[in-house]
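In: sequence first, predicted model second:
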Amino acid sequence: MHFSTSFLALALASSVSAHTIMYGVWVNGVDQGEGTNSYIRSPPNNSPVKDLHSPDLVCGVTGGNAVPSFVKAAGGDTVTFEWFRNYRNDDIIDPSHEGPIITYIAPYTSGNGAGPIWTKIAEAGFSNGEWAIDKLIANNGKIDVALPNLAAGKYLLRQEIIALHEADADVAVNPSRGAQFYPSCVQLEVTGSGTVVPNQNFDINSYQSTDPGIFFDLYTKYSSYKIPGPPCFVPSSSNPPSSGTPPVPAPAPSPAPSGTPYVPPTTLLTSVRPAATKPSSCSGSGYRKA
Ligand SMILES: [Cu+2]
């Protein structure tokens, strides 16, 4: 069969636009405006990342470029992520791109997020015959995540879509196929009096190409799917604020006058036990009603 050049160009163009990119964030139902390169470390286009060893897997190919703004939210707030193929109110993602949507948080870094700093706060995979992607499309590209009752400070909030339509091959064996990752990192500033400090210390690059949730055949019969990464973080009394990495460096104590023994400020010792927290969405991310 013979294809004209223009047909091939069209086919290539449409396969590119079948991908997806994060457009913006809502907080408790309030639109925070377009986040692209404002509070989202947006990649230059909607292409996926496939190299599990690359830091690009963490926050995308330009994930090490800090952006000027932060989304402001309080612990316990509902953050809604909004995804589109190319621009707002475009299609969401090609329905062939079935797969999970996973959300992680880390203490803020102006770097690319590589290393063991991440905690999984929400995940949605395959349940009741439906993929997270199906729900995302049905909900006009929006997916809700409840923030844990986080300690105030700056964070990176990372949501990834993993598209499994070519994941029936191990990318380490066949680099032209494999799971497609769409990672996106939002700069977040948490206010309020929350006390939870996420402490899983997970390294996104510890994903393996043979993990059952990454090397997965959509084209055979299946009834379950194992979402990659650690189990979802559940804040508890075993997670007092003193454990884990604080979201921002504690201010250095002012130097004591020489000759005077240093006495730590007592205010640092006041909130040792976390307050009761609203359940986070670890049992599955919610979706806005379409
Ligand atoms: Cu795609």
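Out: Alright, I've got the coordinates.
In: where does the stretch 101-250 of the chain have low pLDDT?
Out: Applying pLDDT under 70 to the stretch 101-250 of the chain flags residues 237-250.
In: would you map the helices across it?
Out: In the stretch 101-250 of the chain, the segments counted as helices under DSSP state H, counting those that start in this stretch are 132-138.
In: how about the strands in it?
Out: 101-107, 116-124, 126-127, 130-131, 142-146, 153-163, 180-191, 202-203 (DSSP state E, counting those that start in this stretch).
In: show me which residues of this protein sit near the ion.
Out: Contact residues (CB under 5 Å from the ion) of the chain with the ion: 18, 19. C-beta coordinates here come from the backbone N, C-alpha and C atoms, glycine included.
In: minimum distance to the ion, which residue of the chain gives it?
Out: The ion sits closest to residue 19 of the chain, with a gap of 3.6 Å, by CB to the ion.
In: so what's the backbone phi/psi at the nearest residue to that residue once chain neighbours are set aside?
Out: Once flanking residues are discounted, residue 19 sits nearest to residue 46: 4.0 Å by CB to CB, 6 or more residues apart in numbering. When quoted as degrees, to the nearest 10, the phi and psi of residue 46 stand at phi -90, psi 20.
In: residue 46 against residue 23, yeah?
Out: No. At 10.3 Å, residue 46 does not count as touching residue 23 under the criterion of CB atoms under 8 Å.
In: name the SS class of residue 24, please.
Out: Judged by DSSP: H, G, I helix; E, B strand; the rest coil, the three-state class of residue 24 is strand.
In: any idea of the pLDDT on it?
Out: We have a pLDDT of 98 for residue 24.
In: and it, what does it touch?
Out: Residue 24 is in contact with 31, 32, 33, 34, 35, 36, 40, 82, 88, counting by CB atoms under 8 Å, 6 or more residues apart in numbering.
In: can you check residue 228 too?
Out: Residue 228 touches 100, 102, 162, 207, 211, 213, 214, counting by CB under 8 Å, 6+ apart.
In: skipping adjacent residues, who's closest to the fifth one in space?
Out: Spelled out, that is residue 211. Nearest to residue 211 is residue 228, by CB to CB, 6+ apart, at 5.0 Å.
In: how far away is the one you found from residue 77?
Out: 26 Å (CB to CB, to the nearest Å).
In: ditto for residue 104
Out: On the measure of CB to CB, residue 104 and residue 77 end up 17 Å apart.
In: out of the two, which sits in the busier spot?
Out: residue 104 (27 against 22; other CB atoms under 10 Å).
In: isn't that one right up against residue 117?
Out: No. If you go by CB under 8 Å, residue 104 and residue 117 don't touch, sitting 9.2 Å apart.
In: how many neighbours does the residue nearest to residue 103 when sequence neighbours are not counted have?
Out: Leaving aside its sequence neighbours, residue 103 sits nearest to residue 122 (CB to CB, 6+ apart; 4.1 Å). Using other CB under 10 Å, the number of residues around residue 122 comes to 27.
In: residue 128 too?
Out: The burial count for residue 128: 4, using other CB under 10 Å.
In: circling back to that earlier point, what do residue 104 and residue 117 both touch?
Out: residue 202.
In: quick check, residue 101 in contact with residue 161.
Out: Yes. Between residue 101 and residue 161 there is a contact at 5.4 Å, judged by CB under 8 Å.
In: give me the common contacts of those two.
Out: 132, 133, 136.
In: so in terms of bridging, what pairs with the nearest residue in space to residue 231 that is not next to it in sequence?
Out: What sits nearest to residue 231 in space, not counting adjacent residues and going by CB to CB, 6+ apart, is residue 120, at 7.3 Å. Beta-bridge partners recorded for residue 120 (DSSP bridges): residue 104.
In: got a list of what residue 120 touches?
Out: 102, 103, 104, 200, 202, 229, 230, 231, 232, 233, 282.
In: please tell me how far the second one sits from residue 155.
Out: Between residue 103 and residue 155 the distance, using CB to CB, works out to 12 Å.
In: and if you look at residue 107?
Out: Going from residue 107 to residue 155 by CB to CB gives 6 Å.
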